[in-house]
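Novice: sequence unknown, structure follows:
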RNA sequence: UGGGGCGUCGCCAAGCGGCAAGGCACUGGGUUUUGAUCCCAGCAUUCGCAGGUUCGAAUCCUGCCGCCCCAGCCA
């Protein structure tokens, strides 16, 4: 996808690949097995795409397997409908978990039995400290914690109390099961972490069968082991949890001991991935839902028209390391253009039209031009393009008083109309207020594209649509959601940096007729403007609505500024 | 002042004792009926800093400095 050119230098392997290859070579594993473990409490965003691509991608690359597992251990936050959305997003990215769709809640019975095993080994106890007391006794970063007064209960008593917890005999907050590790550990995670808490909440998968729920650290490692995961990949903030991950697996009779490996999550400038903040955007109506095309959610990017291949390419180019890195948005833009460039069929649309009358073109006449769908790839075929006396061009493709090097239409000048003729400027027509309402030109019949006999050359070529045969449309210009690269890390709230121009609708836009056959999901290029696709919610065959996926690279705009 | 990580070009990133890959961005030039694409060229005497070991260090040692994460009965 990226640079598969001539000298095709092999892409260097990243550290996780080194680990996997060593494990395969040493015979530690015959095949690898990974998993993508989202919590079903929100929608997936571009950051999740990295975890998805790494887990599924590595399994694919080394002939292994990757499970999809919902980490549903907190009934108060999770909801079933998120699961369907997550599944759709993972599939959209092009990955498949086969029959291996699991839930942490599938293991609640086993998790309960392993907890009993820990109690029997004297490694877990029921603690009746309240949340505040427990915090007070945990110590600080520099001071050790104190042992709970309940720490030395007998195995029999712990067994009885834990069962009482399970039977609903304790109110929420009145008792937890804790691992007995070390209250003086410099790693806070090892200071007798809670492994079960009481919650009288309906769980979306297990209903009211349980009133005690296992905590993440305890659940995750055991779930991995039960699924035969070989490499448990997660983000950097879990590094401190690895000793606990290993501790549980060492104490309990699970079938294997997966290796947890941490990598840096994906960060992009001009975007945010905080669940809380994305939710705020939606709740406060700052965007139109989770799949608003401005959103960095996978559903938003899909609706905007960004190809999943471009996202996979981005992840591929960015690499996998333990160093926190913020990638420039420009790289994503490059990936999108690289994927779409050779594939998107070309059409013409005028976003902000101004009428051009070709005064020497016979009134009432019209001709059908043949225009290639992709000038570099003739195999894509052609479409018919009606041309007549009246057409529309882009308002900013004409300037009365142009700067030097402006080679579009100007007084005294000429331009080529893409796939049609060269036209010469004649005059502008104004209304009473002096506003230009029309431009009059003449065309040069010998310059028709392809079959013209003239040797005449002009510097500029502009796009256009026929006045009569073009179709009115709403076209939304999508741009970055924020005006600063780091809206997250400012003194003002991030909402202060929302880009008011992130979605501009062009109400007067007009499309060439062939565009009426394009449906949502099909990306096209509007020549000289960018890549666009019909909006999956609002587009109607008779009333088209297109979203801009990405502009074309524009060096002219750069030179001007 | 505890513990765990990370510091190689503007943004990423190879490199693992033998003398700084690659991508993106940027800059110049060529092609072009998309100021797009494509092509060609340029772009770190230097690897957070300071010492040390060595014939030789981004790579080894020592000491500093900077940044990130951890005190949920969240994940």
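Specialist: Looks like it arrived, so ask away. The structure presented is a predicted model; accordingly, all values stated were derived computationally and were not measured.

Novice: Show me what the longest helix seen in chain A is in contact with.
Specialist: Longest helix in chain A by number of residues (criterion: DSSP state H): helix A:46-61. The set of residues external to helix A:46-61 that reach it, using C-beta atoms under 8 Å, 6 or more residues apart in numbering, is A:16-17, A:20, A:32-36, A:38, A:44, A:64-66, A:89-90, A:93, A:95, A:97, A:231, A:233-235, A:263, A:265-268, A:271, A:273, A:296-298, A:301, A:311-312, A:315-316, A:318, A:320, A:332. In this view, the C-beta of every residue, glycine as well, is placed from N, C-alpha and C.

Novice: Only whichever of those residues are buried, select them in PyMOL.
Specialist: Restricted to buried positions by 16 or more other C-beta atoms under 10 Å, the PyMOL selection for these reads:
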select buried, chain A and resi 16+20+32+33+34+35+36+38+44+64+65+66+89+90+93+95+97+231+233+234+263+265+266+267+268+271+273+296+297+298+301+311+312+315+318+320+332
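
Novice: Keep only those of the contacts of helix A:46-61 that are also close to RNA strand B.
Specialist: Taking C-beta under 7 Å from any atom of the strand as the test, RNA strand B is in contact with A:318, A:320 out of the contacts of helix A:46-61.

Novice: Tell me which entries of the contacts of helix A:46-61 lie within helices.
Specialist: Filtering these for helices - DSSP H - leaves A:16-17, A:20, A:89-90, A:298, A:301, A:311-312, A:315-316, A:318, A:332.

Novice: Let's have these in a markdown table, adding pLDDT.
Specialist: A markdown table is the format used below for those (pLDDT from 0 to 100):
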| residue | pLDDT |
| --- | --- |
| A:16 | 98 |
| A:17 | 98 |
| A:20 | 98 |
| A:89 | 98 |
| A:90 | 98 |
| A:298 | 98 |
| A:301 | 98 |
| A:311 | 98 |
| A:312 | 98 |
| A:315 | 98 |
| A:316 | 97 |
| A:318 | 97 |
| A:332 | 98 |
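
Novice: Looking at the residues you listed, spot the one nearest RNA strand B.
Specialist: Distance to RNA strand B across the ones in helices among the contacts of helix A:46-61 (C-beta to the nearest atom of the strand) is lowest for residue A:318, with 4.3 Å.

Novice: Check the secondary structure at residue A:290 for me.
Specialist: coil (DSSP: H, G, I helix; E, B strand; the rest coil).

Novice: tally of neighbours for it?
Specialist: 20 (other C-beta atoms under 10 Å).

Novice: Enumerate every residue touching it.
Specialist: A:43, A:278, A:282, A:297, A:299, A:300.

Novice: Out of those residues, which comes closest to residue A:195?
Specialist: residue A:43 (29.1 Å; C-beta to C-beta).

Novice: Near RNA strand B, which residues of the stretch 251-400 of chain A are found?
Specialist: So the stretch 251-400 of chain A meets RNA strand B at A:264, A:317-328, A:330-331, A:334, A:337-338, A:341-342, A:346, A:374-376 (C-beta under 7 Å from any atom of the strand).

Novice: rerun at 6 Å
Specialist: For the stretch 251-400 of chain A, the contact set with RNA strand B under C-beta under 6 Å from any atom of the strand comprises A:317-319, A:321-328, A:330-331, A:334, A:341, A:346, A:375-376.

Novice: Kindly present the ones in helices among the contacts of helix A:46-61 as CSV, with separate columns for distance to residue A:358.
Specialist: As requested, those are exported to CSV (distance: C-beta to C-beta, whole Å):
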residue, distance to residue A:358
A:16, 62
A:17, 61
A:20, 65
A:89, 49
A:90, 53
A:298, 47
A:301, 41
A:311, 44
A:312, 47
A:315, 49
A:316, 49
A:318, 50
A:332, 41
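
Novice: which two in those are spaced the farthest apart?
Specialist: A:20 and A:301 (29.0 Å).

Novice: and which of the contacts of residue A:290 is nearest to RNA strand B?
Specialist: Distances from RNA strand B to the contacts of residue A:290, taken by C-beta to the nearest atom of the strand, are shortest for residue A:43, at 14.1 Å.

Novice: isn't that closest one right up against residue A:296?
Specialist: No - when contacts are counted by C-beta atoms under 8 Å, residue A:43 is not listed as touching residue A:296 (10.1 Å).

Novice: Backbone dihedrals for the residue in chain A positioned nearest to RNA strand B, please?
Specialist: Closest approach between chain A and RNA strand B, counting by C-beta to the nearest atom of the strand: residue A:449, at 2.6 Å. For residue A:449, the backbone dihedrals are phi -50, psi 130 (criterion: degrees, to the nearest 10).

Novice: what sits against it?
Specialist: A:369, A:371, A:418, A:419, A:420, A:421.

Novice: And for the closest residue to residue A:541 other than its chain neighbours, the neighbour number?
Specialist: Spatial nearest neighbour of residue A:541, excluding adjacent residues (C-beta to C-beta, 6 or more residues apart in numbering): residue A:516 at 6.9 Å. A count of nearby residues for residue A:516, using other C-beta under 10 Å, gives 13.

Novice: Could you double-check that residue A:516 sits in contact with residue A:471?
Specialist: Yes - with contacts counted by C-beta under 8 Å, residue A:516 reaches residue A:471, the gap being 6.2 Å.

Novice: Between the two, which contacts overlap?
Specialist: With C-beta under 8 Å, 6+ apart, residue A:516 and residue A:471 have common neighbours residue A:544.

Novice: all strands of the stretch 251-400 of chain A, in order?
Specialist: A:259-263, A:266-268, A:325-327, A:346-347, A:349-350, A:353-358, A:366-372, A:382-388, A:390-394 (DSSP state E, counting those that start in this stretch).

Novice: Next one: residue A:31, what pLDDT does it get?
Specialist: Listed pLDDT for residue A:31 reads 97.

Novice: where along the stretch 451-561 of chain A do the strands fall?
Specialist: Using DSSP E, counting those that start in this stretch, strands in the stretch 451-561 of chain A cover A:461-462, A:464-466, A:471-472, A:474-478, A:503-506, A:510-511, A:524-526, A:530-534, A:545-551.

Novice: And the fifth one, how far out from the chain middle?
Specialist: Its chain's average C-alpha position is 22 Å from that of strand A:503-506, according to C-alpha atoms, centre = their mean, to the nearest Å.

Novice: Average pLDDT for it, rounded please.
Specialist: pLDDT averaged over strand A:503-506 gives 98.

Novice: Quick check: buried residues in it?
Specialist: A:503, A:506.

Novice: So what are the sheet partners of that strand and their directions?
Specialist: strand A:474-478 (antiparallel) (DSSP bridges).

Novice: What confidence value was assigned to the residue positioned nearest the centre of chain A?
Specialist: In chain A, the residue lying closest to the centroid (C-alpha atoms, centre = their mean) is residue A:46, at 3.0 Å. Looking at residue A:46, its pLDDT reads 98.

Novice: Residue A:8 too?
Specialist: Looking at residue A:8, the pLDDT reads 51.

Novice: now swap in residue A:4 and tell me
Specialist: Reported pLDDT for residue A:4: 34.

Novice: Low-confidence stretches in the stretch 351-500 of chain A?
Specialist: Low-confidence segments of the stretch 351-500 of chain A, defined by pLDDT under 70, are absent.

Novice: quick one on the thing from earlier: distance check, the residue nearest to the centre of chain A against residue A:234.
Specialist: Separation of residue A:46 from residue A:234 (C-beta to C-beta, to the nearest Å): 18 Å.
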